[in-house]
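J.: Predicted structure and sequence below. I'll ask about it afterward.
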Amino acid sequence: MKFNILIVDDEKNIREGLGQALEMDGYAIFLASDGREALGIFAEEEIDLVITDLKMPNLSGGELLRRIAADQPTVPVIILTGHGTIETAVDAMRDGAYDFLTKPVNLDHLALLVKRALANRSMTLQYRAMQSELEKKRGFSNIIGTSPQLRRVFDMVEQVAATRAAVLITGESGTGKELIADAIHNLSNRKDKAFIKVHCAALAESLLESELFGHEKGAFTGALSRKRGRFELAHLGSIFLDEIGEINPSVQVKILRVLQEKKFERVGGEETIEVDVRVIAATNRELKKEIAEGRFREDLFYRLNVVNIHLPPLRERKEDIPLLAAAFLKEFAEENSKHIEGIDPKAISALYAYSWPGNIRELRNCIESAVVLCKTQGITPEDLPPSLRGSDEGNSIRVALGTSMAEAEKAVILGNLGHLRGNKSRTAEVLGIGRKTLHRKLKEYGLEEESHEA
């Protein structure tokens, strides 16, 4: 890695001499004659170290240090000072300077100091990168899958999380929209603030407005005291409005105002309350169709749909089924104190062949049921619900258009293995591959190998 060093001194000979000496050590050098010019370079370039004189016209070295420390505290600043300004240099150390050198500069001493300062910066940057990676992993910790469709969703979440933009998450019921909302909040700058969730469809129409915006004492029958609403509780944090397509037009107007003006009044109140809230909404409805039929406001839709993240249904990311099934198996086996080692390939084949209209939620319920009913050390097709056991349609395997070669291959292997009742030798023969190849493929899919083979 080539480090960029900014040298700031109003004396041309000094800054150019230092620049030439450090350039010979392999650093990229930028020069500035005063603090103001230095700030311009600092804003345009990725600077790793600043070496600056203290006394300069326009903007002093002390003020330049304070600006850098406030903007990018990981960038070390070395102060150059004359013998008569040692006390000022000590003050600069208190303001965050890495170290100081007196003029005339000892080049060997400077080279050693630069090397040490850049080593510290490199370690700091590595630590921050590791922390950032850990935050990402924590943010996605509850979301299982490696399919290309899900990876695209992850990329969008990472891009949008750090912004203030409203996000609309769309997708069928049971696809995991709430988990994506969690990830957006947990990866954002608001992660340490409140994250308030409102399931709009679960609240009666008459209560929703009060829940969102609060109410004053006596606003309606039963309002015995003032109540703060969910938007107020989410101030400086985020709010998740699940199934926003279910809300009535009068509440839509108030949500639109919050998005536009960041203001609202409690039910029955006159006081205007200002909030800073990041809004994440989700729906399984086609909101454009709702707009066309007069049930959803078009202006609210565009305010919510600044960024749209669409979650694919499980039938479009079937390569994630073994991972999801394994995770649910572990969870429910522990919960029910049962020792279950894995899922029979024939059962996986049945899971793979099913269309999953209820998506991940249905798969989760299916595995929970299978764990409860399982009498052996592995889930078999007999442990699955009847709808799955009958999902194998004759002797055919369906592969949707747009399916990748890897996913199509997986469907063919699992389909044949299930049809041949787990007989690996016969499956390998039908597929025209060696048994070792079949074993390797099954291992890649995370399937337990059975001990019996014909």
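T.: Sure thing, it's come through. Numbers count the residues shown, from 1 in each chain.

J.: so how far is the helix or strand harbouring Ile360 from its chain's centroid?
T.: For Ile360, the element it lies in under DSSP states H and E is helix 359-373. Its chain's C-alpha centre and that of helix 359-373 lie 27 Å apart, by Cα atoms, centre = their mean, to the nearest Å.

J.: Can you list the strands that whichever helix or strand comes after that helix pairs with?
T.: With elements assigned by DSSP H and E, the helix or strand that comes after helix 359-373 is strand 378-379. Using DSSP bridges, the strands paired with strand 378-379 are strand 342-343 (parallel).

J.: Report the mean confidence score over the partner strand.
T.: Taken as a whole, strand 342-343 has a mean pLDDT of 82.

J.: for stretch 177-191, same thing?
T.: Rounded mean pLDDT across stretch 177-191 is 93.

J.: do stretch 7-14 as well
T.: Mean pLDDT, stretch 7-14: 92.

J.: Outside of it itself, list whatever touches it.
T.: 15, 18-19, 22, 29-35, 37-38, 50-53, 55-57, 61, 64, 80, 103, 105 (Cβ atoms under 8 Å, 6 or more residues apart in numbering). Where C-beta positions appear, they are placed from N, C-alpha and C, glycine not excepted.

J.: residues near Glu265, how many?
T.: Look at Glu265: counted by other Cβ atoms under 10 Å, it has 15 neighbours.

J.: Show me what the helix holding Ile360 is packed against.
T.: If you count contacts as 3 or more Cβ pairs under 8 Å, 6 or more residues apart in numbering; DSSP states H and E, helix 359-373 packs onto helix 321-335, helix 345-353, strand 378-379.

J.: how about 7 Å then?
T.: Secondary-structure packing of helix 359-373 (3 or more Cβ pairs under 7 Å, 6 or more residues apart in numbering; DSSP states H and E): helix 321-335.

J.: In the helix it packs on, which residues are buried?
T.: For helix 321-335, a neighbour-count test (16 or more other Cβ atoms under 10 Å) marks 321-322, 324-326, 328-329, 332-333 as buried.

J.: Can you convert the residues you listed into a markdown table and add a column each for distance to Leu388?
T.: Output for the buried residues of helix 321-335, formatted as a markdown table (distance: Cβ to Cβ, whole Å):
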| residue | distance to Leu388 |
| --- | --- |
| Ile321 | 12 |
| Pro322 | 15 |
| Leu324 | 14 |
| Ala325 | 11 |
| Ala326 | 17 |
| Phe328 | 14 |
| Leu329 | 15 |
| Phe332 | 16 |
| Ala333 | 19 |
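
J.: Dump those residues into CSV; add distance to Ile367 and pLDDT as well.
T.: Formatted as CSV, the buried residues of helix 321-335 follow (distance: Cβ to Cβ, whole Å; pLDDT from 0 to 100):
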residue, distance to Ile367, pLDDT
Ile321, 10, 88
Pro322, 11, 84
Leu324, 8, 89
Ala325, 6, 88
Ala326, 9, 86
Phe328, 4, 90
Leu329, 6, 90
Phe332, 6, 93
Ala333, 9, 90
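
J.: Looking at the residues you listed, which is nearest Phe240?
T.: Set against Phe240, the nearest of those by Cβ to Cβ is Leu324 (22.5 Å).

J.: so what pLDDT did the closest residue to that closest one other than its chain neighbours get?
T.: In space, and not counting its chain neighbours, Leu324 is closest to Ile144: 5.2 Å by Cβ to Cβ, 6 or more residues apart in numbering. Looking at Ile144, its pLDDT is 82.

J.: What is the burial count for Ile144?
T.: By other Cβ under 10 Å, neighbour count at Ile144 equals 17.

J.: Who are the contact partners of it?
T.: Each residue near Ile144 by Cβ atoms under 7 Å, 6 or more residues apart in numbering is listed here: 320, 323-324, 327.

J.: run the last query once more with 6 Å
T.: Taking Cβ atoms under 6 Å, 6 or more residues apart in numbering, we find Ile144 in contact with 323-324, 327.

J.: does the residue lying closest to Lys191 once chain neighbours are set aside sit in a helix, a strand or a coil?
T.: Counting by Cβ to Cβ, 6+ apart, the nearest residue to Lys191 once its immediate chain neighbours are dropped is His185, at 6.3 Å. Using DSSP: H, G, I helix; E, B strand; the rest coil, the three-state assignment for His185 comes out as helix.

J.: circling back to that earlier point, tell me the one of the buried residues of helix 321-335 nearest His339?
T.: Using Cβ to Cβ, Ala333 comes nearest to His339 of the buried residues of helix 321-335, at 7.1 Å.

J.: Ile340 versus the closest one, what's the distance?
T.: Remark: distance between Ala333 and Ile340 (Cβ to Cβ, to the nearest Å) = 5 Å.

J.: Now for Ala32, how many residues are close by?
T.: With other Cβ under 10 Å as criterion, Ala32 counts 23.

J.: for it, phi and psi?
T.: The phi and psi values for Ala32, taken as degrees, to the nearest 10, are phi -140, psi 150.

J.: Surely it is in contact with Ala38?
T.: Yes: between Ala32 and Ala38 there is a contact at 3.9 Å, judged by Cβ atoms under 6 Å.

J.: and Leu329, what does it touch?
T.: Applying Cβ under 6 Å, 6+ apart, we find Leu329 in contact with Ile367.

J.: Point out where the stretch 151-300 of the chain drops to low pLDDT.
T.: Within the stretch 151-300 of the chain, the set of residues satisfying pLDDT under 70 is empty.

J.: Dump stretch 308-327 to CSV, restricted to CA.
T.: Output of stretch 308-327 as CSV, limited to C-alpha atoms (Å, rounded to 0.1, in the frame of the first residue of the first chain):
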residue,chain,number,x,y,z
ASN,A,308,-37.4,-0.5,-3.1
ILE,A,309,-36.1,-3.8,-1.9
HIS,A,310,-38.0,-6.8,-3.3
LEU,A,311,-37.7,-10.1,-1.6
PRO,A,312,-38.0,-13.1,-3.9
PRO,A,313,-40.3,-16.0,-2.9
LEU,A,314,-38.7,-19.2,-1.7
ARG,A,315,-39.7,-21.0,-5.0
GLU,A,316,-37.3,-18.6,-6.8
ARG,A,317,-34.3,-19.3,-4.4
LYS,A,318,-34.7,-23.0,-3.9
GLU,A,319,-30.9,-23.5,-3.5
ASP,A,320,-31.4,-21.9,0.0
ILE,A,321,-33.8,-24.6,1.1
PRO,A,322,-31.2,-27.0,2.6
LEU,A,323,-29.5,-24.2,4.6
LEU,A,324,-32.9,-22.9,5.9
ALA,A,325,-34.1,-26.4,6.7
ALA,A,326,-30.8,-27.3,8.6
ALA,A,327,-31.1,-24.1,10.6
